[in-house]
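Just a sequence and a predicted model for now, questions to come.
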Amino acid sequence: MKHRLGLIWFQNDLRSSDQRVLTQAAQECEQLICLFCVNPKWFESNRYGLTSIGAARWQFLQQSLADLEQQLHKLGNQLLVRVQTPLHAMAELIGQYGVDAIYRSRQHGYYENQYWSILQQRYPFLHYHEEDSSTLFDLAQLPFALDELPDTFSKFRRKVEKPNLREAIRPVLSVPTQLPPAPFSQQARSQLPTLPHHEQVLLHGGSSAAKAHLQQYFNGRFASDYKQTRNSLDGFSDSTKFSAWLADGSISAREVVAYLDAYEQRYGANESTYWIYFELLWREYFIWYAARHQQRLFHFRGIKDKRPQTSFYSHRFQQWCQGETPFPIVNACMKQLNATGYMSNRGRQLVASCFVHELGLDWRYGAAYFERQLIDYDVGANWGNWQYLAGVGADPRGHRRFDLAKQTRMYDPQGEFIATWQGEHPNAMLDVVDAADWPLTP
């Protein structure tokens, strides 16, 4: 079917390689609009008193958009960035240019799918097309119906490894040689919101930076030692650092597996190289977890409909956010996050455990703060992991608690990480007032 004018709605798929909707639209459309919407709601205070996107994450996203803009320009098109909600932006474009087909990569978050559903209801006469772009496996490849997604990762892993679906991962698509032109000449970009510049952001956004990092990582021998080094709190090459580019789609999970396969053919497979694939399966699980549970991903009682024994103390929450709790390892991790937009997987487990157990706080506030700060924020991985640690999600053991002193001895025995990030706060107290608002003294 040939369409006069198609529109690709870019979201977390900011690349031209291994991009099925781009390839499909290039074949089917005479003209093409490539749209990204900067939703003004991201910068407004939400129900947790936080904005949904902070300075580091916004900076990384802008770099990814600039890189995508260059890629599309080389292919004869351009990226149209609108500071509007998707519904408002697309309503204007449909009305002004007569769009007759809309393309997107399949989304898994509740709010993203709400927009898609409303769009289809308002414009039922348009052609709609979506492709699986962010996952290893297409929805049709899963060996179960989505509403039968296993309730734990271990069960999911067994189902996708027997038979081995890794062999069924589709090949990486190359970049289209040419795109249909846009129906307008070069448009001025909307004035983007400004947030403070972050000097210490760990990674640079965009497909070009992602591909350079993939090549550097797999040209070395880091992958062969990954399982031994992955729990490091601060070493750059001790973990893969692919997550931020995977989160906004600057690279696809399939591209990472293609690099991993080539590495194993060159240097041999071992437990560490498998563990990189294992971590991609965790990511895969939480993507489908978000798709399966939708709005329940954000519920206090989680998918288990189990009420956590926590409350909310604003002072404790601020201490945790700023890295000023009585727990040095937690403080160091939080200061690292605030400075760089990144935290190790081990660090995330420790600060989340502290948040729920030591501080007794409503896990959703911690998840919302991570959403704001993390450059690798992904809706399924973030909210799913927080549910997991809070005991209301996919953890079969329930309410997992980490001994912070023991974890410090294991992962920072010399105190170097704590010293680097100034985690010591000798006079920190959990509370400054008692239940009747009387001041507390040390």
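Cool, the structure landed.

For the closest residue to residue 144 other than its chain neighbours, the count of nearby residues, please.
In space, and not counting its chain neighbours, residue 144 is closest to residue 159: 6.3 Å by Cβ to Cβ, 6 or more residues apart in numbering. The C-beta positions use only the backbone N, C-alpha and C, and glycine is treated the same way. For residue 159, the neighbour count with other Cβ atoms under 10 Å is 16.

May I see the buried residues of the helix or strand hosting residue 159?
Per DSSP states H and E, residue 159 falls inside helix 153-161. Applying a neighbour-count criterion of 16 or more other Cβ atoms under 10 Å, one finds 153, 156-157, 159-160 buried in helix 153-161.

could you dump those residues to TSV with pLDDT?
As requested, the buried residues of helix 153-161 are exported to TSV (pLDDT from 0 to 100):
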residue	pLDDT
153	96
156	97
157	96
159	95
160	95
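
For residue 386, see how far away the spatially most central residue of the chain is.
The chain has residue 378 as the residue nearest its centroid, 2.1 Å off, counting by Cα atoms, centre = their mean. Here the criterion is Cβ to Cβ, to the nearest Å. By it, residue 378 lies 12 Å from residue 386.

what's the answer for residue 189, then?
34 Å.

So between the two, which is more surrounded?
Each of residue 189 and residue 386 has its neighbours counted (other Cβ under 10 Å); residue 386 has more, 26 against 16.

Now the more buried one: closest residue in space that isn't a chain neighbour?
Using Cβ to Cβ, 6+ apart and skipping residues adjacent in sequence, the residue nearest residue 386 is residue 367, 3.9 Å away.

The one you found: neighbour count?
With other Cβ under 10 Å as criterion, residue 367 counts 25.

after the one helix or strand it maps to, next one along is what?
Using DSSP H and E, residue 367 maps to helix 363-373. Moving toward the C-terminus from helix 363-373, the next helix or strand (DSSP H and E) is helix 379-390.

Kindly export that next one (C-alpha atoms) in CSV.
The C-alpha coordinates for helix 379-390 follow below in CSV (Å, rounded to 0.1, in the frame of the first residue of the first chain):
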residue,chain,number,x,y,z
VAL,A,379,9.6,2.8,32.5
GLY,A,380,9.5,-1.0,32.9
ALA,A,381,13.0,-1.5,34.3
ASN,A,382,12.7,1.4,36.8
TRP,A,383,9.2,0.9,38.2
GLY,A,384,9.4,-2.9,37.9
ASN,A,385,12.7,-3.0,39.8
TRP,A,386,11.3,-0.7,42.5
GLN,A,387,8.3,-2.9,42.9
TYR,A,388,10.7,-5.9,43.1
LEU,A,389,12.6,-4.3,46.0
ALA,A,390,9.5,-3.1,47.7
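
Buried residues of stretch 279-288, list them for me.
Those would be 279-288, for stretch 279-288 by 16+ other Cβ under 10 Å.

Redo the residues you listed as a markdown table? Include pLDDT, secondary structure and distance to residue 78.
What follows is these, written out as a markdown table (pLDDT from 0 to 100; DSSP: H, G, I helix; E, B strand; the rest coil; distance: Cβ to Cβ, whole Å):
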| residue | pLDDT | secondary structure | distance to residue 78 |
| --- | --- | --- | --- |
| 279 | 97 | helix | 36 |
| 280 | 98 | helix | 32 |
| 281 | 98 | helix | 37 |
| 282 | 97 | helix | 36 |
| 283 | 98 | helix | 31 |
| 284 | 98 | helix | 33 |
| 285 | 98 | helix | 36 |
| 286 | 98 | helix | 34 |
| 287 | 98 | helix | 29 |
| 288 | 98 | helix | 34 |
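
from those residues, which is closest to residue 382?
Among those, residue 286 lies closest to residue 382 (Cβ to Cβ), at 8.4 Å.

State the distance from that closest one to residue 293.
Residue 286 is 10 Å from residue 293, by Cβ to Cβ.

Do I have it right that residue 23 meets residue 173?
Yes. Using Cβ atoms under 8 Å, residue 23 is in contact with residue 173, at 5.8 Å.
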